[in-house]
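Asker: Please work out how this folds:
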Amino acid sequence: MMSRDTVRLCLAEIFGTFTLVFAGTGAIVINDTHGGAITHVGIALTFGLVVMAMIYTVGDVSGAHLNPAVSLGFWASGRLPASRLPRYLISQILGALSASALLKLLYPAHATLGATLPAGQAWQSFLLEVVLTGILMVVVLTVSSGPKERGLTAGLVVGAVIALEAMFAGPECGASMNPVRSLGPALLSGHGEHLWIYLTAPVLGAFGGVGLHRGLQ
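Answerer: Numbering: from 1, shown residues only. Presented below is the predicted three-dimensional model:
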């Protein structure tokens, strides 16, 4: 039987990841169905704002990782015990799939449900995702303490970095930086042809960010 702390952690990651994917990819879907009303800038801000809000909402419970690449980065940095890693990953997958399932119910005719797809060549998007996630991981490790990401400025800084990276790189690679953000829409829409990019590149980027952060210390 799971302890109360474990249940709280799992619920926090499920809720936080659900909200991230529902709001972020939902903004893409609604933008498509309403003639570009939200705009690319609005979508980028939505991703940044929802991450900021979730850090302040569940950061003191689970750290508000909301992202397997971030959780793996915390593990690689020695801030997250290996025994706790599976509960993060499973919870994040459940949250993302639930969000995409709800969007599928709401918008069954939408072709991609906000899936991340390369605009150019696959290698360009792969490299961009590695670099973007590496930058994000360095920032997250710098503003966090242990596996936690909550602080007076942590939410603002992490949310701003995500919005910034989505703003400039989103049109080219989708600026996922998060395997489950891409997994949910890909599975529910059937557009998994480029999913390998968004499952592997963010993890490699996170590990690279851990190494860079160590070098900066």
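Asker: Where does the prediction get shaky in this structure?
Answerer: 145-152 (pLDDT under 70).
Asker: can you map out the helices along this structure?
Answerer: Listed in chain order, the helices of the chain (DSSP state H) span 4-33, 39-62, 68-76, 85-106, 122-143, 154-173, 179-189, 195-216.
Asker: for the protein, which residue is closest to the average position?
Answerer: Asn178 (3.7 Å; Cα atoms, centre = their mean).
Asker: Was I right to think that one contacts His65?
Answerer: No - the pair Asn178 / His65 is not scored as a contact, 9.8 Å apart, by Cβ atoms under 8 Å. (Glycine included, C-beta is placed from N, CA and C.)
Asker: ok so, going back, tell me which residues touch the residue nearest to the centre of the chain, please.
Answerer: 20, 66-70, 198, 202 (Cβ atoms under 8 Å, 6 or more residues apart in numbering).
Asker: can you put the residues you listed in CSV and add neighbour count and distance to Asn31?
Answerer: CSV is the format used below for those (neighbours: other Cβ atoms under 10 Å; distance: Cβ to Cβ, whole Å):
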residue, neighbour count, distance to Asn31
Leu20, 27, 17
Leu66, 33, 22
Asn67, 31, 22
Pro68, 25, 26
Ala69, 32, 25
Val70, 29, 26
Tyr198, 30, 20
Pro202, 30, 23
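Asker: Format those as JSON lines; extra columns: distance to Val158.
Answerer: What follows is the contacts of Asn178, written out as JSON lines (distance: Cβ to Cβ, whole Å):
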{"residue": "Leu20", "distance to Val158": "12"}
{"residue": "Leu66", "distance to Val158": "10"}
{"residue": "Asn67", "distance to Val158": "10"}
{"residue": "Pro68", "distance to Val158": "16"}
{"residue": "Ala69", "distance to Val158": "13"}
{"residue": "Val70", "distance to Val158": "9"}
{"residue": "Tyr198", "distance to Val158": "19"}
{"residue": "Pro202", "distance to Val158": "15"}
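Asker: nearest to Ala99, of the residues you listed?
Answerer: Within the contacts of Asn178, proximity to Ala99 (Cβ to Cβ) peaks at Leu20, which comes in at 7.7 Å.
Asker: hang on, the earlier thing: distance to Leu113 added to the helices of the chain, as a markdown table?
Answerer: Shown next, in a markdown table, are these (distance: least, Cβ to Cβ, whole Å):
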| stretch | distance to Leu113 |
| --- | --- |
| helix 4-33 | 6 |
| helix 39-62 | 14 |
| helix 68-76 | 19 |
| helix 85-106 | 5 |
| helix 122-143 | 18 |
| helix 154-173 | 16 |
| helix 179-189 | 4 |
| helix 195-216 | 13 |
